[in-house]
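K.L.:
One predicted model, sequence on top.
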Amino acid sequence: MVAMTHEGLSIDSTKPSIARVYDYLLGGKDNYAVDREIGDVFKRDLPGSVAIAFANRAALTRAVAEIATTTGVRQFIDLGSGLPTADNVHQVAQRHAPESRVVYVDIDPQVLVHGRALLEEDDRTRVVAADVRNPEDVRTHPDTRQLIDFDRPVAVMFSAILHHVNDEEDPAGIVRYWRDHVPPGSYFFVSHFRSGNNPETAEAERVLQQTFGRGRWRSDEEIEALLDGLEILDPGIVPASLWRPDVVDSRWNDRDDERELTVWERLIAAGLARKAQ
């Protein structure tokens, strides 16, 4: 069934959506039976999928808090933002720096509808309908230009999006575009499915490819290469749960630092980089 929103956007409830499956894994309710069916495949066959989703979300909120509290950057572009949940980028950033401005970018119609409803009374946020694979469309979109001053440093957030960009779609080129179009002092956060050279990695990649026709696990070295030309900050590219766990600013941060990471938690990596002055 295809439903039309009041904005003229069509939402197909018969086809799974990456954003809605992710929402389901995080315990959200903005999903359909077809999304829950795929989510249940992950939960059943890849029982650590929920841990991956939570580890990724926690790393994102820690990165936003780190940028908002330790730098002067007050502009964020969240690429492939997904459905709104607790501790969205603007909520975390504005908690520490109320003047922070955030542009959310996604192509999923349901993300656009829910995001705009959430943010309609916040004049420091926008939700832009654009494909992250076409960064020029994102940067030159009127809503982006209205909110973001590209003469000042920007934080570009690639949270769990580049692993949905296949090699032939040039994910490194997407990052390079943003690197070349933001000023020195800008920050880049990336979280990415991480190759484990184990059965869990292979099965997770197979399910994503079979369901969505895309999904590419990459090694730490390949993830690092996506940030070529940028200064990767400590602790480098590491499992998301180990990325600056001392920064506590989210309900997602509930990991016991005394225990070993599960094989699943090691399948999502995170890192923060800066464009040198």
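P.N.:
Structure's in. What do you need?

K.L.:
going forward, measure contacts between C-alpha atoms and count neighbours the same way
P.N.:
Will do.

K.L.:
tell me the pLDDT at residue 24?
P.N.:
pLDDT recorded at residue 24 is 81.

K.L.:
Can you tell me how far it is from residue 45?
P.N.:
From residue 24 over to residue 45 the distance is 16 Å, taken as CA to CA, to the nearest Å.

K.L.:
ok, now residue 217?
P.N.:
Distance from residue 217 to residue 45, by CA to CA: 18 Å.

K.L.:
Of those two, give the one with the bigger neighbour count.
P.N.:
residue 217 (23 against 14; other CA atoms under 10 Å).

K.L.:
Do I have it right that the more buried one meets residue 161?
P.N.:
No. With contacts counted by CA atoms under 8 Å, residue 217 stays clear of residue 161, the gap being 11.5 Å.

K.L.:
now the end-to-end length of stretch 264-271.
P.N.:
18 Å.

K.L.:
Stretch 166-173 now?
P.N.:
End-to-end distance for stretch 166-173: 12 Å, by CA to CA.

K.L.:
can you give me the helices for the stretch 1-150 of the chain?
P.N.:
Taking DSSP state H, counting those that start in this stretch, the helices of the stretch 1-150 of the chain run over residues 18-25, 33-45, 49-70, 89-96, 109-119, 135-140, 142-147.

K.L.:
could you point out which element follows the last one?
P.N.:
On the C-terminal side of helix 142-147, the nearest following helix or strand under DSSP states H and E is strand 155-159.

K.L.:
Against which helices or strands is that next one packed?
P.N.:
With contacts defined as 3 or more CA pairs under 8 Å, 6 or more residues apart in numbering; DSSP states H and E, the packing partners of strand 155-159 are helix 49-70, strand 75-79, strand 187-193.

K.L.:
centre of the chain versus the second one, how much separation?
P.N.:
Think strand 75-79. Here the centre of strand 75-79 is set off from its chain's centre by 10 Å, with CA atoms, centre = their mean, to the nearest Å.

K.L.:
Repeat that for stretch 90-102.
P.N.:
Using CA atoms, centre = their mean, the distance from the centre of stretch 90-102 to the centre of the chain it belongs to is 17 Å.

K.L.:
ok, and what's touching that stretch?
P.N.:
With contacts defined as CA atoms under 8 Å, 6 or more residues apart in numbering, stretch 90-102 is touched by 61, 64-65, 68-69, 74-78, 89, 124-126, 147-148, 249.

K.L.:
Select only the buried ones of the residues you listed in PyMOL?
P.N.:
Applying 16 or more other CA atoms under 10 Å to these, the buried members can be selected in PyMOL as follows:
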select buried, resi 61+64+65+68+74+75+76+77+78+89+124+125+126+147+148+249
